[in-house]
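>>> Sequence and predicted model, in that order:
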Amino acid sequence: MSDTLTLSAETREQVGKGASRLLRREGRVPAVIYGNKQDPASIHVNERELMKLLMTGHFMNSVVMVNGERTLPKDVAFDPVSDRPVHVDFLRISEHASVHVEVPIVFTDEELSPGIKRGGVLNIVRHELELVVDAASIPDEVTVSLKGVEVGDSIHISAVTLPKGATPAITDRDFTIATVVAPSALKSSEGETQTEGAEGEAA
């Protein structure tokens, strides 16, 4: 389960672009806490503290206590040039609220997949799963086993064992998580392989 993170904040007395620019020059990042039937609160947080939490790799699917308020990060805006965080949105939540989070998928048991053993290639369709979970039980990851998967097989959400209490946010279809494709389909010719590789990287 994701750890609860802590972040200190101060109230923003002034809002607007000019005030936000001044805060950023002082190493602060403007932010807003909203939701839970309360008025939005304009705050600012220490950029170094925020970066430390962002570097954990699970900031967006962790409960963050901001000055004692239980929140879930909903959006972080970054400067397109410097890549520094310029604004954060936090959603207030109750301790056992149902929340939408994106949880990383980890594939295991590649050595037990006959398809991969024969040279098949794992084509990952989704790197993260959007789940509805209890805010007190947000999982760090979802494990998907490749045991027994053959070339041409697809792994759908219905075949995935989700953590206790978690349900998929998408409920109207049995969507695909990954497929194992034949290597010949990827390299019918050297030229096509390079083209497809470039397209894959762009996507």
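Good, I have the coordinates. Computed from a predicted model, the values in this text were never measured in an experiment.
>>> Which residues does residue 106 form beta bridges with?
Beta-bridge pairing of residue 106 under DSSP bridges involves residue 143.
>>> Hmm, it is touching residue 139, no?
No: using CB atoms under 8 Å, residue 106 is not in contact with residue 139, being 10.7 Å away. The way it works is simple: take the backbone N, C-alpha and C, and place the C-beta from them, glycine included.
>>> between those two, which one's more packed in?
Here residue 106 and residue 139 are compared on neighbour count by other CB atoms under 10 Å; more neighbours surround residue 139, at 21 against 11.
>>> if you skip the residues just before and after it, what's nearest to the more buried one?
The shortest distance from residue 139 to any residue that is not its chain neighbour, by CB to CB, 6 or more residues apart in numbering, is 4.2 Å, and that residue is residue 163.
>>> burial count for the one you found?
Neighbour count for residue 163, taken as other CB under 10 Å: 16.
>>> Check the spacing between it and residue 89 real quick.
Taking CB to CB, to the nearest Å as the criterion, residue 163 is separated from residue 89 by 26 Å.
>>> can you check residue 160 too?
Counting by CB to CB, the separation of residue 160 from residue 89 is 29 Å.
>>> cool, and residue 26?
With distances defined as CB to CB, the gap from residue 26 to residue 89 amounts to 21 Å.
>>> Which one of those two is surrounded by more residues?
Residue environment comparison for residue 26 versus residue 89 gives the larger neighbour count to residue 89, 17 against 9, counting by other CB under 10 Å.
>>> Kindly spell out which helices and strands sit in contact with the helix or strand hosting that one.
Taking DSSP states H and E as the definition, one finds residue 89 inside strand 85-92. In this structure, strand 85-92 packs against helix 17-25, strand 28-35, helix 47-54, strand 69-78, with contacts taken as 3 or more CB pairs under 8 Å, 6 or more residues apart in numbering; DSSP states H and E.
>>> Right, I'll leave it there.
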